[in-house]
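Undergrad: My questions are about this predicted structure, shown below with the sequence.
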Amino acid sequence: MDFNDTPTDAEYRATARAWLAANATEYRDPPATPHTRAEMVAASRAWQKKKHAAGYTGITWPKAMGGQGLSPMHSIIFNQEQSKYHAPSELFAIGLGMCIPTVFTHGSPALVDRYVAPALAGDEVWCQLFSEPSAGSDLAGIRTKAVKDGDDWVIDGQKVWTTNAHLSDFGIIVTRTDPSAPKHKGLTMFVVDMHAPGVEARPLKQMSGGSDFNEVFFTGVRVSDSHRVGAVGEGWKVSLTRLMNERLAVGGKPGHAPGYRDLMALAADIETEFGLAIEARDVRQRIAATYIADEGIKLTQMRALSALSKGEAPGPEQSISKVVVAKTMQEMAAFAMDLSEAAGFVTGGTEPRLAKLQGSYMASAGLRIAGGTDEILRNIIAERVLGLPGDMRPDKDTPFNEIRAA
Ligand SMILES: Cc1cc2nc3c(=O)[nH]c(=O)nc-3n(C[C@H](O)[C@H](O)[C@H](O)COP(=O)(O)OP(=O)(O)OC[C@H]3O[C@@H](n4cnc5c(N)ncnc54)[C@H](O)[C@@H]3O)c2cc1C
């Protein structure tokens, strides 16, 4: 692949760069103290609205739907430039990266008309309601049911690990509508109003002290059939769109994530009884290993970009990136914590560089699970990249109501 921009891409990059320099200044440096949840929500909303007004949201989406009608390369260029700033996009990442593309691809024109534009404008926040206490990696094992009642469906059950459910206005939910069909076949997806009677989001407390995700209980929640996404019983197929978008969204290294430069800067400042940490051979080896992994991730990402630039869909190589990104982030952050000795575990400190590494340390374990665990991604790489024999799936064709609960 030619890594240089085409003249048109270079022009777009220069315009985006100038706009970001003028508008993202306040987000350029990490805050002296980490944002509180309320500050993150307010900053995310403000940033989304600012980008929307300037034409930097929905870059690849049709103009008729509030997008910009540009190519995936334009979107990648903007994201590359944006990642140089402290741009708070967390609140909208799931909605715009995963939920809205699913509604967009499989929803009725009325659903697309109603939901896409407000999400792009930063007016409505979305969550994805897939995982359950007994269904995570084995997503097709979900038990939340939806039963038809007139023009409505009635939803009962429980979801878990739902990021931002307590802050969301809407969610996409996958439900079981035909328990007598094999597990992948009796599923149907809906758009659900998170403020509807019978929806209760209970935030879960994390080790960082924050509460990013939730248990969500559904008790007799009514959803109109007009809010079905895709055909009845086709929820698995619809979920695959969402999974592909999720792997694309989480496959790369997060722009704000620390890298080998952060480790180098830290090691250059830390005095040990034998001199500066950066002068120690084992520390230098760890920095070099982080650099090699970062470069490998960058080049694997380039392969995906290369596919996108030729109008092809990125393949299972995204799984490779995600496995390496999450593992490298966790090992690098753990090493940084070790280097910082006692200071490494003082969370919420006023030292922005340490706050960034501490945040990464605590988030990286979750990254090895979210969007497909390391083991599931390795199965995908084994089967779809290396062509090895498939994982055992003994209950694939068994009617769901004949599968014994774990
Ligand atoms: C930070 C974070 C955010 C999340 N946000 C959301 C969200 O917004 N919405 C949502 O729906 N879910 C969300 N999740 C849930 C996430 O999708 C699941 O945690 C994930 O799919 C794993 O499922 P599980 O936790 O049930 O683990 P399990 O599937 O029970 O897995 C337990 C262990 O068994 C291993 N394992 C399972 N099956 C196999 C196999 N076939 N071969 C080899 N090993 C296997 C797994 O790798 C894992 O180590 C989030 C999770 C995290 C950590």
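TA: Thanks, I have the structure now.

Undergrad: what are the ranges of the strands in the protein?
TA: 126-129, 145-149, 152-163, 170-176, 187-193, 199-203, 213-224, 228-229, 271-272, 275-276 (DSSP state E).

Undergrad: Adding mean neighbour count and distance to E402, write those strands out as JSON lines.
TA: Where you see a C-beta, it was placed from the backbone N, CA and C, and this is true even at glycine. Output for those, formatted as JSON lines (neighbours: other C-beta atoms under 10 Å; distance: least, C-beta to C-beta, whole Å):
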{"stretch": "strand 126-129", "mean neighbour count": "28", "distance to E402": "26"}
{"stretch": "strand 145-149", "mean neighbour count": "16", "distance to E402": "16"}
{"stretch": "strand 152-163", "mean neighbour count": "20", "distance to E402": "19"}
{"stretch": "strand 170-176", "mean neighbour count": "26", "distance to E402": "14"}
{"stretch": "strand 187-193", "mean neighbour count": "24", "distance to E402": "16"}
{"stretch": "strand 199-203", "mean neighbour count": "17", "distance to E402": "30"}
{"stretch": "strand 213-224", "mean neighbour count": "19", "distance to E402": "24"}
{"stretch": "strand 228-229", "mean neighbour count": "25", "distance to E402": "26"}
{"stretch": "strand 271-272", "mean neighbour count": "11", "distance to E402": "62"}
{"stretch": "strand 275-276", "mean neighbour count": "11", "distance to E402": "65"}
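
Undergrad: mean pLDDT lowest for which of those strands?
TA: The stretch with the lowest mean pLDDT among the strands of the chain is strand 271-272, at a mean of 84.

Undergrad: So for D151, what's the nearest residue that isn't a sequence neighbour?
TA: D225 (5.4 Å; C-beta to C-beta, 6 or more residues apart in numbering).

Undergrad: Next up, the contacts around the one you found.
TA: Contacts of D225 were listed using C-beta atoms under 8 Å, 6 or more residues apart in numbering, and they are 148, 151-153.

Undergrad: Just give me the closest of those residues to Q206.
TA: Nearest to Q206, judged by C-beta to C-beta, of these is W153 at 32.5 Å.

Undergrad: The closest one: what's its closest spatial neighbour, skipping adjacent residues?
TA: The shortest distance from W153 to any non-neighbouring residue, by C-beta to C-beta, 6+ apart, is to A146 (4.3 Å).

Undergrad: Identify the bridge partners of that neighbour.
TA: I155 (DSSP bridges).

Undergrad: From I59, how far off is the residue in the stretch 101-250 of the chain positioned nearest to the ligand?
TA: Nearest residue of the stretch 101-250 of the chain to the ligand: G136, at 1.8 Å (C-beta to the nearest ligand atom). Counting by C-beta to C-beta, to the nearest Å, the gap from G136 to I59 is 32 Å.

Undergrad: now T219
TA: For T219, the distance to I59 - C-beta to C-beta - is 39 Å.

Undergrad: cool, A93 as well?
TA: From A93 over to I59 (counting by C-beta to C-beta), the distance is 15 Å.

Undergrad: My read is that the residue nearest to W153 contacts R176, right?
TA: Yes - A146 lies in contact with R176 (C-beta atoms under 8 Å); the separation is 7.2 Å.

Undergrad: how many other residues sit next to the nearest residue to I320 once chain neighbours are set aside?
TA: Ranked by C-beta to C-beta, 6+ apart and with sequence neighbours excluded, the top spatial neighbour of I320 is T300, at 5.7 Å. Residues contacting T300 under the criterion other C-beta atoms under 10 Å number 19.

Undergrad: Spit out the contact partners of T300.
TA: Contacts of T300 by C-beta under 8 Å, 6+ apart are 317, 320-321, 324.

Undergrad: any idea which of those has the most stuff around it?
TA: S321 (25 neighbours).

Undergrad: where's that one relative to the ligand, distance?
TA: The spacing between S321 and the ligand, counted by C-beta to the nearest ligand atom, to the nearest Å, is 17 Å.

Undergrad: pLDDT score assigned to that residue?
TA: At S321, pLDDT is 84.

Undergrad: Need the nearest residue in space to E90, chain neighbours excluded.
TA: Closest to E90 by C-beta to C-beta, 6+ apart is S44, at 5.9 Å.

Undergrad: ok, now P179?
TA: Closest to P179 by C-beta to C-beta, 6+ apart is N401, at 4.2 Å.

Undergrad: How many neighbouring residues does the one you found have?
TA: 12.

Undergrad: doesn't S180 make contact with it?
TA: Yes - applying C-beta under 8 Å as the test, N401 and S180 come out as touching, 5.8 Å apart.

Undergrad: can you give me how far the helix ranked longest in the chain is from the chain middle?
TA: Among the segments of the chain that qualify as a helix by DSSP state H, the longest is helix 281-309. When distances are taken as C-alpha atoms, centre = their mean, to the nearest Å, helix 281-309 is centred 20 Å away from the chain's centroid.
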